[in-house]
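J.: Okay, sequence plus prediction incoming.
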Number of protein chains: 2
Amino acid sequence: MSNNSVFIEKLRSSGLRPTRQRLQICKLLFDRQNTFHFSIQGLSKMIVNQHKEKKVSLATVYNTINAFKQKGYLKEISINSDKTYFDTNTSNHHHFFNESTNELIDLDNSEVGKIDIRKKIPGKKINSIEVIVKIANSN
Amino acid sequence: MSNNSVFIEKLRSSGLRPTRQRLQICKLLFDRQNTFHFSIQGLSKMIVNQHKEKKVSLATVYNTINAFKQKGYLKEISINSDKTYFDTNTSNHHHFFNESTNELIDLDNSEVGKIDIRKKIPGKKINSIEVIVKIANSN
DNA sequence: CAATAATTTATAATGATTCTAAAGTAGTGT
DNA sequence: ACACTACTTTAGAATCATTATAAATTATTG
């Protein structure tokens, strides 16, 4: 059980007041050993499953996650059109996507060789480089 | 003006009968010098703008594009959650995404150094490796 | 503790995509 | 050319994710 003040600070720095609902979301997202991937729907189900506290409306989940995303406390991962995933691992890294199971697996920056982009676009700078490695059962 | 028989074959091999609507879509997609990126909504507007022939319903556009995607005549590109793009360039390549303008630019395979994935997932094989380079104005 | 501004919530609105069922069209055999 | 069958098209309905709304609730500040 990590310190609430960490979460309160995370919320404040994202421009949000700490409320029961937002703190519950923080606990689910950040009070854990390993980073993880989730969808809004999945996160919402996790909240319902806890059912220790009262429910949190979908709108609040969206608002909170979007604020965290903007602040950089969460990363959005786009794999295919039909699902939006978020990642509590905000470090510079990439992903495997298992097309058989729709599962995401982290691919550390150190596990990918330097990516050499040889084409320059005049007047533009590179914001980020994202690699998605799609995998499937090898039979 | 390219030969219709090419389009008819493309449709047939995708499991679709050649119809006026589908041929019109083929012309827009494949009867051009350079490959290009489009969204369903954008393609639909292109069809309306031609207004030489009768309109094509959205459902037909979706059906046809999905069949081409499955057959591999089109590639789907996932950049962010709110837009699905397609690419008539089905060769192995990557993309720049201009976050200021929401514009996609091809990044040829030859313009990216070899991508070295050092992590192996047991029992899985790599289907594809996709690189997205997000760019913006460099001020 | 009261006043104010932010928040939560259920529900409505929106937008993309898929489904449906009736009307239209292509392919096949004659 | 004709008719039959199966596939298509279409408008509109249905669905799903996400965002907007507006009234009731709650946090903050003095």
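T.: Looks like it arrived, so ask away.
J.: hang on, residue A:44 packs against residue A:60?
T.: No: contact criterion Cβ atoms under 8 Å: residue A:44 and residue A:60 do not qualify, at 9.8 Å. (Each C-beta comes from the backbone N, C-alpha and C, glycine too.)
J.: measure residue A:9 to DNA strand D for me?
T.: Residue A:9 sits 11 Å away from DNA strand D, going by Cβ to the nearest atom of the strand, to the nearest Å.
J.: burial of that residue, as a residue count?
T.: 12 (other Cβ atoms under 10 Å in any protein chain shown).
J.: At the contact with DNA strand C, which residues of chain A appear?
T.: Chain A comes close to DNA strand C at residues A:15-17, A:19-22, A:54-60, A:63-64, A:81, as judged by Cβ under 7 Å from any atom of the strand.
J.: Produce a PyMOL select command limited to the buried residues of the residues you listed.
T.: This is the PyMOL syntax for the buried subset of the residues of chain A next to DNA strand C, where burial follows 16 or more other Cβ atoms under 10 Å in any protein chain shown:
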select buried, chain A and resi 16+21+22+56+60+64
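J.: so of the residues of chain A next to DNA strand C, which ones are in helices?
T.: Among the residues of chain A next to DNA strand C, the residues falling in helices (DSSP state H) are A:20, A:21, A:22, A:58, A:59, A:60, A:63, A:64.
J.: Just put these in a markdown table and tack on distance to residue A:107.
T.: As requested, those are exported to a markdown table (distance: Cβ to Cβ, whole Å):
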| residue | distance to residue A:107 |
| --- | --- |
| A:20 | 36 |
| A:21 | 33 |
| A:22 | 30 |
| A:58 | 31 |
| A:59 | 33 |
| A:60 | 32 |
| A:63 | 30 |
| A:64 | 27 |
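J.: near DNA strand D, which of these show up?
T.: Checking those against DNA strand D (Cβ under 7 Å from any atom of the strand), the matches are A:20, A:58, A:59.
J.: Let me know whether stretch A:57-72 sits next to chain B.
T.: No: figure legend: stretch A:57-72 not in contact with chain B (Cβ under 8 Å from any Cβ of the partner chain); closest approach 10.8 Å.
J.: Put the alpha carbons of that stretch into PDB.
T.: This file holds the C-alpha atoms of stretch A:57-72, laid out as PDB (Å, rounded to 0.1, in the frame of the first residue of the first chain):
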ATOM      1  CA  SER A  57     -18.500   6.600 -13.800                       C
ATOM      2  CA  LEU A  58     -16.900   6.100 -17.200                       C
ATOM      3  CA  ALA A  59     -16.800   9.800 -17.800                       C
ATOM      4  CA  THR A  60     -14.600  10.200 -14.700                       C
ATOM      5  CA  VAL A  61     -12.300   7.400 -15.900                       C
ATOM      6  CA  TYR A  62     -11.900   9.000 -19.300                       C
ATOM      7  CA  ASN A  63     -11.300  12.500 -17.800                       C
ATOM      8  CA  THR A  64      -8.600  11.300 -15.400                       C
ATOM      9  CA  ILE A  65      -6.800   9.100 -17.900                       C
ATOM     10  CA  ASN A  66      -6.800  11.800 -20.400                       C
ATOM     11  CA  ALA A  67      -5.300  14.300 -17.900                       C
ATOM     12  CA  PHE A  68      -2.600  11.800 -17.000                       C
ATOM     13  CA  LYS A  69      -1.900  11.200 -20.600                       C
ATOM     14  CA  GLN A  70      -1.400  14.900 -21.300                       C
ATOM     15  CA  LYS A  71       0.800  15.300 -18.300                       C
ATOM     16  CA  GLY A  72       2.900  12.300 -19.500                       C
END
